[in-house]
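Visitor: Build me a model:
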Amino acid sequence: MEDMRFLLIEDDMEAAKFVASSLAQLGHEVNHYVDGQEGLVAALGGGFDVLLIDRRLPSLDGISIARRLRAADIKTPLIFLTTMDGIDDRVDGLDAGADDYLVKPISMSELRARIDAVMRRYKTDSQPATYILVGDVKIDLVRRIVRREGNDIHLQPQEFKLLEFLARNKGQVATKSMLLEHVWGLTFDPKTNIIESHISRLRSKIDKSGAASFIETVRGAGYMIRAA
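Guide: Predicted structure coming up:
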């Protein structure tokens, strides 16, 4: 396998450590989440080559994660890692949108083979998305501009990155800590109004006069773009 970036959503810490360390030894990057809801937000944010997801998770189960990702048109290869080994369990997992289903305990040689197989299929079938469409707002990922009602809206790089993250997670609340991590690469709160000021500038450029704001403030939680 060439160097890749994995998202591992797994609350079994022993299994997570084994998978993450094994992949890291092969030169891959692994982002690990224990909580299902937090893992979903990370997956919706994109940037991963393969998703490795347990079925039983806190907050949100693996089947629900898979269905939400596929409903959001996220086509990243997804492999379930689980102790649920019944035929019906496998069928449910594949029907939810998984590309493969691997039963614990995990054999690293088998996991590598499964990853290679789904990546071969993915590279053959996939065509990367060039835009995100939310209602009448089109976010061009190639030209890095936004169009609304036929008008080009030119954004600063961080404004575009913030809007792209919110749009990829449409229908989901993005907290301040999520935005700081995924948009600015910060794992701590700089105690500034950097998010608020960028949201304000985005609204001034994107919102239509007299209409509700495209970016909704969820009091006490964060920000969200509602799915159209």
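Visitor: got the buried residues for the helix ranked longest in the chain?
Guide: Longest helix in the chain, counting residues (DSSP state H): helix 108-125. Of the residues in helix 108-125, L111, R114, I115, V118, M119 count as buried by neighbour count, 16 or more other CB atoms under 10 Å. C-betas here are computed from N, CA, C, even on glycine.
Visitor: And the contacts of that helix?
Guide: For helix 108-125, contacts defined as CB atoms under 8 Å, 6 or more residues apart in numbering pick out 1, 4, 18-19, 22, 26, 49-50, 75, 77, 79, 81, 99-100, 102.
Visitor: rewinding a little: now the two most distant members of the buried residues of helix 108-125.
Guide: Using CB to CB, the pair of the buried residues of helix 108-125 lying farthest apart is L111 and M119, separated by 12.3 Å.
Visitor: domain ranges for this protein?
Guide: Per automatic domain parsing, the structural domains of the chain span 5-125, 131-224.
Visitor: highest average neighbour count across these?
Guide: The highest average neighbour count among the domains of the chain, using mean count of other CB atoms under 10 Å, belongs to domain 5-125 at a mean of 17.
Visitor: Need the mean per-residue confidence for it.
Guide: The average pLDDT within domain 5-125 is 91.
Visitor: That one: how far from the chain's middle?
Guide: Centroid separation for domain 5-125 versus its chain: 12 Å, with CA atoms, centre = their mean, to the nearest Å.
Visitor: Wait, a helix at D92?
Guide: Yes: per DSSP: H, G, I helix; E, B strand; the rest coil, D92 lies within a helix segment.
Visitor: mind listing what the nearest residue to it once chain neighbours are set aside touches?
Guide: In this structure, D92 finds its nearest non-sequential neighbour in I63, 6.2 Å apart by CB to CB, 6 or more residues apart in numbering. Contacts for I63 (CB under 8 Å, 6+ apart) come out as R55, D92, G93, A96.
Visitor: what about the helices in this structure?
Guide: Using DSSP H, helices in the chain cover 13-25, 36-44, 62-71, 87-95, 108-125, 157-168, 176-184, 194-206.
Visitor: Redo the buried residues of helix 108-125 as TSV? Include distance to D11.
Guide: Converted to TSV, the buried residues of helix 108-125 look like this (distance: CB to CB, whole Å):
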residue	distance to D11
L111	18
R114	21
I115	21
V118	23
M119	25
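Visitor: Next one: L57 from V173, what distance?
Guide: Distance of L57 to V173, given as CB to CB, to the nearest Å: 18 Å.
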